[in-house]
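Undergrad: Got a sequence here, can you build the structure:
(chains A and B)
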Amino acid sequence: MNTITSRADVRAAARPRDFLQRAAVSLFFLIMIVVFEIISRKYLSLENIKSIVTQASMLGIIACGMTVVMMTGGADMSVGSVAGLTAICGLWFVVNDGLPLPVGIALGLAAGAAIGFINGLCVSRLGIAPFVATLGTMFLGQGLQYMVSEGGMALSYGFPKEYLFLGTGNVAGVPMPIVVFALIFAVMLFLTESSPVGRYLKATGCNQFAAELSGVKIRKYTLISYVLSALLAGVLGLILGASQQYISPTLGDSFLMDSLIVALLGKALFDERISMQGTLFGALFLRFFENGLSMVGMPVTVLNILKGALLVGILLINLARKRRAERRAT
Amino acid sequence: MKGASSSRSTALAQLDKYGSIAAFALLIIAFSAISEHFRAGSNYMNIIVQAAPLMIIALGVNFINMAGESDLSLGGVIGVCASLFCGLIGKGASPLAAAAVAVAAGLAFAAVDGLMVAYAGLSSFIVTISIMFLSMGVEMTYSKGASLWIRDNPILVIVNGSILGVPNLVVIALALFAASYILMHKTKLGVHVQAVGQSTDAARYAGIPIKRLKFLMFLLGGLFYALGGMLNSLRSSGSIIYSGQKLLLPALAITFIGKTVLGSKKSNVPGILVGALMMSAINNAFTMLGVSFYFTTIVQGLVLLIAAGFSVGNRKTILQEDLR
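TA: Numbering: from 1, shown residues only, chains lettered A, B, ... in the order given. Here you go, the predicted model:
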């Protein structure tokens, strides 16, 4: 739960050392970038930065959804599989049966949203633990992907030009994924930080009983968060498919781990609370980190192990900070 | 009016209590009616044999669930144990030594989980999912993505053989089941673990060593993952990359079916037996009916959702994931 559990936490959050902490994190980020640049020499080229930011934007889109769900105290394990399902449902019939692209995209997003709706119902109405419900739909989504793609056949050609523009096009020199992410991020930031909806979502996550007694429709907002998460995962799936010009049933799988890392990284660095800003920073950090490591010649398998270790490391840092805050309070 | 509503509620209570067993019986009858391959006499034994490794793994998860935590790490850890076991045998190690290494690996991952969850107090969901991805990376690094086959090894004959007509796999699984049942339901330790799972606070006031018990349950879980992983790989004469991923869904589904058995809505050992047979019967029936492999995934996902839905005791509270 992303709660502020005691007065000590409130005081700790307001401390000037919080600023120091953020400065330290930024410094660490800078040092990391400088080290990678010194080793590889191509790391900070405009081309590479553009590619990193594009990758980070794609991750950001799906992680925004995970962030909303985490705000309500949930977690969404189905994001990766929903991304793949949306892309396959959206494009399979367009490429193979000549369905108009907008209809296809609507179909894909509807399929994704349906999974999100099941997640939301299971968690908010049936009282199933979020990770269990979303794990069930994750496998459900995987099975459906294989079903639609007739046993796992990939789409690799015959995409409409308008679709490929989503992933490979530019608007005034800015790659489309970045444009889409900027729009989504702006909306989500407004929604969660400056609108009543955001307060209701966070209230549900902080203390559902108090929120319900205060008249917040906690079940409705929990449901909304899962549908939103599934829709954003679907958008990512569509963009990812367009940028790779290749869609297969494992398309979005790696994004589950990544979006969990990103949301929790953001939480660790921004006042111990889940936030869109934190997620943005997390997405940039993770992609700069990954890209740097692969530039230095780290094999992908080792990279995956490092990512798992990174997540555990974040948790331990969080824990150490919490312990310190507790000790200060006593 | 009152009588009607109370008879309705007793009917619901009966459904809660015997619903999953009735569903199991109905499934068996329905599958037997539809498919002649399913109802062939030897196939029932097949189902039981196929259930054996699944049940051992689900028993492992169940230990951890009974202590009130969840575990996803099996999705990767099983794969590491199985590929280490098969890889070492392939390189000429004796099966016993290979098994020792595999068990050690399972225990090592479990110890990391246990330390972080029980002693550091981190969220079991986040810790174990990171260990899952981490161990999948380890498996990929070790096996380089190749399938590791075991050929012509006496261990294959031993494990896939039978005593007095009962397959050895079933004997092993039943022995482990009996041991788990006695440990968790008939000893002081087991009752203490259940107390921890029910209410950590109450257990603390009762003076039960919560951290130590949770850690122990993670270790037992790791041991059972290793055993289940090895037996599963021996049944198919080898380890295919990410074999743990394929077992994660059925194993979790089994633990939730287990919770619904006899309406206890709590993790318990006997329920695992019913759950394992049910999952195995479903898998077997779908193979026998010759439907495509992805229907099995879809149905297993649905079974997980339905079983999880029936195992909820309190629908008023929205469960939240702990993200410490």
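Undergrad: Which residue ranges of chain B form helices?
TA: With DSSP state H, the ranges of helices along chain B come out as B:2-34, B:41-66, B:74-90, B:95-114, B:124-143, B:154-160, B:168-181, B:188-198, B:200-205, B:210-235, B:243-260, B:269-288, B:293-310.
Undergrad: Pick the most buried one from the ones you listed.
TA: helix B:74-90 (a mean of 29; mean count of other CB atoms under 10 Å in any protein chain shown). For the C-beta atoms, the positions are set from N, CA and C on the backbone; glycine is no exception.
Undergrad: What parts of the stretch 51-200 of chain A come near chain B?
TA: A:70, A:72-75, A:77, A:118, A:122-133, A:135-140, A:142-147, A:151-152 (CB under 8 Å from any CB of the partner chain).
Undergrad: Residue numbers of the stretch 201-324 of chain B in contact with chain A?
TA: By CB under 8 Å from any CB, the residues of the stretch 201-324 of chain B that approach chain A are B:249, B:252, B:256, B:292-302, B:304-305, B:308-309, B:312, B:314-324.
Undergrad: Try it again at 6 Å.
TA: B:249, B:294, B:297-298, B:301, B:304-305, B:308-309, B:312, B:315, B:318-321 (CB under 6 Å from any CB of the partner chain).
Undergrad: One more: the stretch 1-150 of chain B?
TA: B:Ala120, B:Leu122, B:Phe125, B:Ser130, B:Phe133, B:Leu134, B:Gly137, B:Met140, B:Thr141.
Undergrad: rerun at 8 Å
TA: So the stretch 1-150 of chain B meets chain A at B:70, B:72, B:116, B:120-123, B:125-127, B:129-138, B:140-141 (CB under 8 Å from any CB).
Undergrad: Name the residues of stretch A:34-46 that are buried.
TA: The neighbour-count check on stretch A:34-46 (16 or more other CB atoms under 10 Å in any protein chain shown) flags A:Phe36, A:Glu37, A:Ser40, A:Tyr43 as buried.
Undergrad: which residues of the stretch 51-200 of chain A score low on pLDDT?
TA: Within the stretch 51-200 of chain A, not a single segment meets pLDDT under 70.
Undergrad: which residues of it fall in helices?
TA: Using DSSP state H, counting those that start in this stretch, the helices of the stretch 51-200 of chain A run over residues A:79-97, A:101-124, A:130-148, A:161-168, A:176-193, A:196-206.
Undergrad: With respect to B:Gln198, which of the buried residues of stretch A:34-46 is nearest?
TA: For the buried residues of stretch A:34-46, the residue nearest B:Gln198 by CB to CB is A:Phe36; the value is 50.1 Å.
Undergrad: what pLDDT does the closest one get?
TA: Note on A:Phe36: pLDDT of 87.
Undergrad: same check, this time on the one 3 residues further on
TA: Predicted confidence (pLDDT) at A:Ile39: the value is 86.
Undergrad: ok, now how distant is it from chain B?
TA: As judged by CB to the nearest CB, to the nearest Å, A:Ile39 and chain B stand 22 Å apart.
Undergrad: From A:Met298, how far off is that residue?
TA: 11 Å (CB to CB, to the nearest Å).
Undergrad: same check, this time on B:Asn232
TA: Distance of B:Asn232 to A:Met298, given as CB to CB: 32 Å.
Undergrad: Tell me the buried residues in the longest helix seen in chain A?
TA: Ranked by residue count and defined by DSSP H, the top helix of chain A is helix A:300-329. The neighbour-count check on helix A:300-329 (16+ other CB under 10 Å) flags A:301, A:304-308, A:310-312, A:314-315, A:318, A:322, A:325 as buried.
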